[in-house]
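**Q** Coordinates for the following, if possible.
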Amino acid sequence: MIITDIVPLDKKRSRIYIDFKFAFVLYKGEFKEYNISLNSEISRASYEAILTKLLPKRAKLRGLALLTKKPYTEKQLRDKYDEGEYPDSVIDEAIEYLKGFGYIDDVKYCLEFFETYKETRSLARMKNDLRGKGVSGKDIEKAYRSFEESEDSGIDEESQIRRILTKKRFNPDEADYTERQKMIASLMRKGYSYDAISNCIRNSDF
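**A** Residues are numbered from 1 along each chain as shown. The predicted structure follows:
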């Protein structure tokens with residue numbers, strides 16, 4: 001295996017190419033330890049040590065550092081690792097490690113998401129937002145079933161709609177047909193049902 005290219009990524013890191021294929025990213029300070037130099041051969045022992053020890057340890061620590069700042073879904077964390085150009089095998093190992101200790105839990109993430117936004121977002125929007133974060137439909141539904149069973153878990157979408165109408169100073173009695181249709185369309189884009197919107201507009205004492 002020959003190191004055919006070393007391409008600086010930033011002041012500290014470089015992309016390492018082996019036999020003309022991208023292999024991994026290393027810090028410049030690690031070159032000496034693993035005998036990394038352009039057009040030289042990398043030993044099997046060094047190659048295996050980088051892929052099975054150095055990078056997995058780095059990825060695990062990177063994941064822990066990210067998760068101490070805010071929660072991530074599995075997909076979001078995988079995207080972060082992709083940005084760091086970690087090999088797929090290293091990403092898989094780091095993800096399984098973090099999941100094993102409960103640091104990544106998409107169902108728990110969904111439960112906390114429902115609790116956080118239950119008073120400001122429609123159920124449809126919350127589910128769509130979670131899908132956008134890479135959460136599977138199965139995990140979303142599992143979390144929502146648990147959420148429904150918890151105390152004080154109700155999502156009062158009509159109250160949300162009324163608050164939006166009040167905030168926008170929308171007066172159904174004064175609005176013409178076009179204004180009504182625009183408001184209905186805007187609310188439907190937020191995930192509220194036509195029936196719920198119509199009921200709020202008809203009963204406009206808010």
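
**Q** per-residue pLDDT, Glu151?
**A** At Glu151, the pLDDT value in this model is 61.

**Q** what do you get for Leu98?
**A** pLDDT at Leu98 comes out at 97.

**Q** Show me what counts as buried in the helix or strand harbouring it.
**A** When secondary structure is defined by DSSP states H and E, Leu98 falls within helix 88-100. Across helix 88-100, burial judged by 16 or more other C-beta atoms under 10 Å covers 90-91, 93-95, 97-98. Just so you know, the C-beta spots here come from the backbone N, C-alpha and C atoms, and that holds for glycine as well.

**Q** other SSEs contacting that helix?
**A** Counting contacts by 3 or more C-beta pairs under 8 Å, 6 or more residues apart in numbering; DSSP states H and E, helix 88-100 packs against helix 55-69, helix 74-83.

**Q** which one of these lies closest to Arg163?
**A** helix 74-83 (29.5 Å; C-beta to C-beta).

**Q** coming back round to it: can you list the helices and strands packed on helix 88-100 in a markdown table and add distance to Lys182?
**A** What follows is the helices and strands packed on helix 88-100, written out as a markdown table (distance: least, C-beta to C-beta, whole Å):
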| stretch | distance to Lys182 |
| --- | --- |
| helix 55-69 | 39 |
| helix 74-83 | 34 |
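
**Q** any chance of those in TSV, plus mean pLDDT?
**A** Shown next, in TSV, are the helices and strands packed on helix 88-100 (pLDDT from 0 to 100):
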stretch	mean pLDDT
helix 55-69	97
helix 74-83	97
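
**Q** Figure out which of these is closest to Tyr47.
**A** Taking the helices and strands packed on helix 88-100 one by one with C-beta to C-beta, helix 55-69 is closest: 11.1 Å.

**Q** coming back round to it: next, format the helices and strands packed on helix 88-100 as JSON lines and append mean neighbour count and distance to Tyr192.
**A** Output for the helices and strands packed on helix 88-100, formatted as JSON lines (neighbours: other C-beta atoms under 10 Å; distance: least, C-beta to C-beta, whole Å):
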{"stretch": "helix 55-69", "mean neighbour count": "16", "distance to Tyr192": "33"}
{"stretch": "helix 74-83", "mean neighbour count": "16", "distance to Tyr192": "27"}
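
**Q** Select, out of these, the one closest to Ile16.
**A** Taking C-beta to C-beta, helix 55-69 is the member of these nearest to Ile16, at 11.2 Å.

**Q** which residues are contacting that closest one?
**A** The contact list for helix 55-69, computed with C-beta atoms under 8 Å, 6 or more residues apart in numbering, reads 24, 72, 77, 80-81, 84, 86-87, 90-91, 93-95, 97-98, 103-104.

**Q** and if you look at stretch 14-26?
**A** For stretch 14-26, the surrounding residues in contact (C-beta under 8 Å, 6+ apart) are 1-9, 13, 28, 34, 36, 42, 47, 50-51, 55, 84-87, 90.

**Q** Look up how far Leu55 lies from the spatially closest residue to Tyr34 that is not a sequence neighbour.
**A** Distances taken as C-beta to C-beta, 6 or more residues apart in numbering put Ser46 closest to Tyr34, at 4.4 Å, once the chain neighbours are dropped. From Ser46 over to Leu55 the distance is 12 Å, taken as C-beta to C-beta, to the nearest Å.
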